[in-house]
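[1] Can you look at this prediction? I've put the sequence above it.
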Amino acid sequence: MRFGSRAAARCAVGVALVPVAISAAVLPAAASPRDQAAPSAQAQEDRSHGPAIRNGLRTVTPDDLVIGTAVAGGGHHVNAGYPDPFTRDPRYRKVLATEFDSVSPENQMKWEFIHPEPGVYNFGPADAIVAFAERHGQVVRGHTLLWHSQLAEWVTEGDYSDEELRAILKDHIQTVVGHYKGRIQQWDVANEIFTDTWEGDEIRLRPQNVFIERLGEGIIADAFRWAHEADPEAELFLNDYAVEDMGPKSDAYYELAKKLLAEGVPLHGFAFQAHLDLQYPFPETLDENMQRFDDLGLETAITELDVRFTLPESGVPTAEQLAEQADTYQGVLEACLSVDDCNSFTIWGFNDRYSWVPSFSPGQGAATVMFEDYERKPAYWALHETLAEAKAGR
Ligand code: G3I
């Protein structure tokens with residue numbers, strides 16, 4: 001087993017944490033066992049990890065890496081039974097500020113949010129995240145510019161000529177990137193542009209991407225050039241899921257990256273989203289895969305890591321599941337640490353309450369590093385220890 005001894009050590013922690021987390025989530029506040037039991041299991045746990053809780057992940061992260069998270073809001077949160085996490089959950093904001101040194105708007109910079117009508121830009125929600133980041137000494141990953149999903153209806157349904165469609169994309173990229181000029185460290189310029197199914201070695205650019213479908217593959221290079229013109233300092237990335245292992249999809253990106261670089265396109269990095277699921281094997285070739293992009297002179301990044309699994313009928317994750325999840329988080333971090341220019345490591349949210357996973361995959365969940373009440377899971381401590389060891393060794 002890859003991380004067997006650590007898994008065994010974390011198992012015990014998992015057993016102690018789970019019942020408290022779940023009971024607090026389902027009971028009304030006044031009846032919380034935390035009010036009656038002193039000290040609570042969380043208090044004990046917090047005490048045993050006292051210095052670490054005060055010293056969040058960002059304080060143990062090596063200087064050449066940033067530890068990041070998606071900032072919850074929009075998308076699946078809109079119809080959820082809780083107020084907007086980023087603007088309305090004070091504890092969320094505190095943890096966001098103390099644990100992370102990079103933030104990625106989860107939905108707030110996507111086309112349907114930031115450019116909902118022709119000529120109408122709604123920068124407010126994303127501006128608030130960028131301002132928060134600056135107040136807390138954090139960098140920002142911009143997400144995302146050229147994507148088939150969460151596009152505004154006026155683009156997908158509009159009756160535009162090819163020339164008009166091209167002008168619409170250029171205006172969008174230059175207005176959004178220009179608005180944040182000098183304030184965004186990395187942009188996911190092109191997101192999920194390849195299909196994720198293939199026959200033999202055949203993998204195609206996504207037909208659902210109206211820009212690529214109508215304007216051809218060359219629009220990808222243009223998107224990078226336009227973004228670079230608008231902010232020459234920003235690092236520009238390709239970003240996708242199901243590319244963690246060596247295989248047809250990551251090969252397609254590798255070939256595209258080589259081609260773009262040969263053409264002098266301002267491509268600076270390749271990003272692995274890493275939405276992982278315990279029912280599939282760990283992507284054992286991730287380090288090798290990252291290394292080949294690094295060898296092209298590109299930066300690499302982990303941009304959306306979460307690790308889901310099928311919950312038992314009780315809804316309570318087992319100690320084994322939590323241990324395996326911790327190993328998976330750790331394995332992805334170790335792959336990033338093994339590559340020279342993997343400088344950004346982002347998890348797709350840090351609290352199960354706000355994770356996108358249950359709304360997309362009913363029956364699955366618990367994919368983040370904290371329970372709903374912010375209690376840290378074994379996966380959190382796996383990241384913490386691994387970062388601290390790496391920092392000490394550098
Ligand atoms: O657009 C429909 C709207 O027509 C409908 O009325 C409404 C009803 O709920 O749903 C709307 O779709 C929502 C969509 O966001 C757009 O707002 C979906 O329900 C909602 O589940 C979706 O969630 C976001 C998802 O991207 C959309 O693809 C998640 O919050 C967000 O975490 C997730 O993030 C993506 C990254 O950007 C890219 N990589 C994969 C990652 C996870 O899917």
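    The structure has been received and is ready for your questions. Numbering: from 1, shown residues only.
[2] For the closest residue to the ligand within the stretch 251-394 of the chain, what are phi and psi?
    Sorted by distance to the ligand under CB to the nearest ligand atom, the residues of the stretch 251-394 of the chain start with residue 356, at 3.6 Å. Glycine gets a C-beta too; all of them are placed from N, C-alpha and C. Dihedral angles of residue 356 (phi, psi; degrees, to the nearest 10) stand at phi -70, psi -20.
[3] What of residue 309?
    According to degrees, to the nearest 10, residue 309 has phi -160, psi 170.
[4] give me the element the spatially most central residue of the chain is part of.
    When CA atoms, centre = their mean is applied to the chain, the residue found nearest the centroid is residue 304 (2.1 Å). Secondary structure assigned from DSSP states H and E places residue 304 in strand 299-310.
[5] how about that strand against the ligand, any contact?
    Yes - counting by CB under 6 Å from any ligand atom, the ligand has neighbours in strand 299-310: residue 304.
[6] Taking strand 299-310 as reference, get the angle to the helix or strand following that strand.
    Note on strand 299-310: by DSSP H and E, the next helix or strand toward the C-terminus is helix 319-337. Helix 319-337 and strand 299-310 are oriented at 170 degrees to each other (axes from the mean of the first three to the mean of the last three CA atoms, to 10 degrees).
[7] Not including adjacent chain positions, what is the nearest residue to residue 192?
    Of all residues not flanking residue 192 in the chain, residue 240 sits nearest, at 5.1 Å (CB to CB, 6 or more residues apart in numbering).
[8] Please tell me how far the one you found sits from residue 106.
    According to CB to CB, to the nearest Å, residue 240 stands 17 Å off from residue 106.
[9] One more: residue 218?
    In this view, residue 218 and residue 106 are 30 Å apart by CB to CB.
[10] residue contacts, residue 339?
    Going by CB atoms under 8 Å, 6 or more residues apart in numbering, residue 339 touches 287, 290, 291, 294, 300.
[11] Just the ones of these in strands?
    With strands taken from DSSP state E, the overlap with those comprises residue 300.
[12] Near the ligand, which residues of the chain are found?
    75, 76, 79, 106, 107, 149, 150, 241, 273, 304, 356, 359.
[13] if I pick the last one, what's in contact with it?
    Spelled out, that is residue 359. Counting by CB under 8 Å, 6+ apart, the residues that residue 359 touches are 76, 80.
[14] element containing it?
    Using DSSP H and E, residue 359 falls in helix 357-360.
[15] which other helices and strands contact the helix or strand following that helix?
    Moving toward the C-terminus from helix 357-360, the next helix or strand (DSSP H and E) is strand 364-365. Contacts defined by 3 or more CB pairs under 8 Å, 6 or more residues apart in numbering; DSSP states H and E place strand 364-365 against strand 299-310, helix 357-360.
[16] and of the ones you listed, who's closest to residue 211?
    The closest of the helices and strands packed on strand 364-365 to residue 211 is strand 299-310. By CB to CB, the value is 21.1 Å.
[17] which of the residues in that closest one are buried?
    Within strand 299-310, the residues that qualify as buried by neighbour count (16 or more other CB atoms under 10 Å) are 299, 300, 301, 302, 303, 304, 305, 306, 307, 308, 309.
[18] For the fifth one, which residues are in contact?
    Taking CB under 8 Å, 6+ apart as the contact definition, residue 303 lies against 104, 141, 143, 188, 237, 239, 271, 272, 273, 274, 344, 346.
[19] For those residues, which ChimeraX command selects only the ones that are buried?
    Selection of buried members from the contacts of residue 303 for ChimeraX, criterion 16+ other CB under 10 Å:
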select :104,141,143,188,237,239,271,272,273,274,344,346
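[20] Kindly indicate which of the contacts of residue 303 lies nearest residue 112.
    residue 143 (13.1 Å).
[21] Just confirm that closest one is within a strand.
    Yes - with DSSP: H, G, I helix; E, B strand; the rest coil as the criterion, residue 143 is located in a strand.
[22] which residues touch the residue of the chain found nearest the ligand?
    In the chain, the residue that lies nearest the ligand is residue 75 (2.3 Å; CB to the nearest ligand atom). Counting by CB under 8 Å, 6+ apart, residue 75 makes contact with 106, 107, 110, 150, 356.
[23] Residue 179 too?
    121, 123.
[24] From residue 268, how far off is it?
    On the measure of CB to CB, residue 179 and residue 268 end up 20 Å apart.
[25] Give me the neighbour count for residue 103.
    24 (other CB atoms under 10 Å).
[26] quick one: contacts of the helix or strand containing it?
    Per DSSP H and E: residue 103 is located in strand 102-105. With contact meaning CB under 8 Å, 6+ apart, strand 102-105 is reached by 66-71, 73, 96, 125-126, 129, 132-133, 138-143, 185, 303-304, 344, 346.
[27] That strand pairs with which strands, parallel or anti?
    Sheet pairing of strand 102-105 (DSSP bridges) gives strand 66-71 (parallel), strand 139-146 (parallel).
[28] following the shortest one, which helix or strand shows up next?
    Following the chain from strand 66-71 toward its C-terminal end, the next helix or strand by DSSP H and E is helix 85-88.
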